[in-house]
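Student: show me the folded form of this:
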Amino acid sequence: MPWSHPAVLLATCGWLGRIPAAPGTFGAALGVGLSAAAAAVGLSTGGEVVATLLLCAIGIPICDVAARLMGRGSDPGGIVWDEMASVPLGLLVMPAGERTPLVFLAAFLLHRLFDIWKPFPCRQLDEGHGGLGIMADDWGAAAWMALGLAIGRQAGWW
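Tutor: Numbers count the residues shown, from 1 in each chain. Have a look, this model is predicted:
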């Protein structure tokens, strides 16, 4: 396994993906941390959108190269860049000032639920598209997560 290759190092988020049990959970937690940090430092909404979209865009070639090097199917479990980048994407639906610990917990749990369950169109987005597929199924999970957060916000749950 080429763990020292830069693409693998990045795609596994500094080898966070090497954690043997549920590495995607740790990638999603890192994504929550990034979103919390963006809110804590007062990054503008526009800056946060740009940073998140850059993470998502550069994840495509990083995950593509890493998946080929790792040789463990189309979406190796050790690649967690997709979770790390897609959780902040889904959290963009919540204004930074409204991202309470409860919102972060709900975002984390919803993202994990939809990333594992893969409701339509998540599973279809993941099928045989290299780095794009690796990232896109998590963008789908982030969309479902965002919908859940928006419903919770409208209902006054947070």
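Student: could you pull out the helices for the chain?
Tutor: In order along the chain, the chain carries the following helices (DSSP state H): 6-11, 23-40, 45-70, 81-91, 101-117, 122-126, 130-155.
Student: please identify the most buried of these.
Tutor: Highest mean neighbour count of these: helix 81-91, a mean of 28 (counted as mean count of other C-beta atoms under 10 Å). For every residue, glycine as well, the C-beta is placed using N, CA and C.
Student: and that one, what does it pack onto?
Tutor: helix 23-40, helix 45-70, helix 101-117, helix 130-155 (3 or more C-beta pairs under 8 Å, 6 or more residues apart in numbering; DSSP states H and E).
Student: coming back round to it: quick one: which of the helices of the chain is nearest Gly17?
Tutor: With respect to Gly17, and counting by C-beta to C-beta, the nearest of the helices of the chain is helix 23-40 at 4.5 Å.
Student: could I get the average pLDDT for the closest one?
Tutor: In this model, helix 23-40 has an average pLDDT of 96.
Student: list the contacts of it.
Tutor: With C-beta atoms under 8 Å, 6 or more residues apart in numbering as the contact definition, helix 23-40 has outside contacts at 12-13, 16-17, 19, 47-48, 51, 77-78, 80-88, 91, 96-97, 99, 104, 107-108, 111-112, 115-116.
Student: the inter-axis angle of it versus helix 81-91?
Tutor: An angle of 40 degrees separates the directions of helix 23-40 and helix 81-91 when computed by axes from the mean of the first three to the mean of the last three C-alpha atoms, to 10 degrees.
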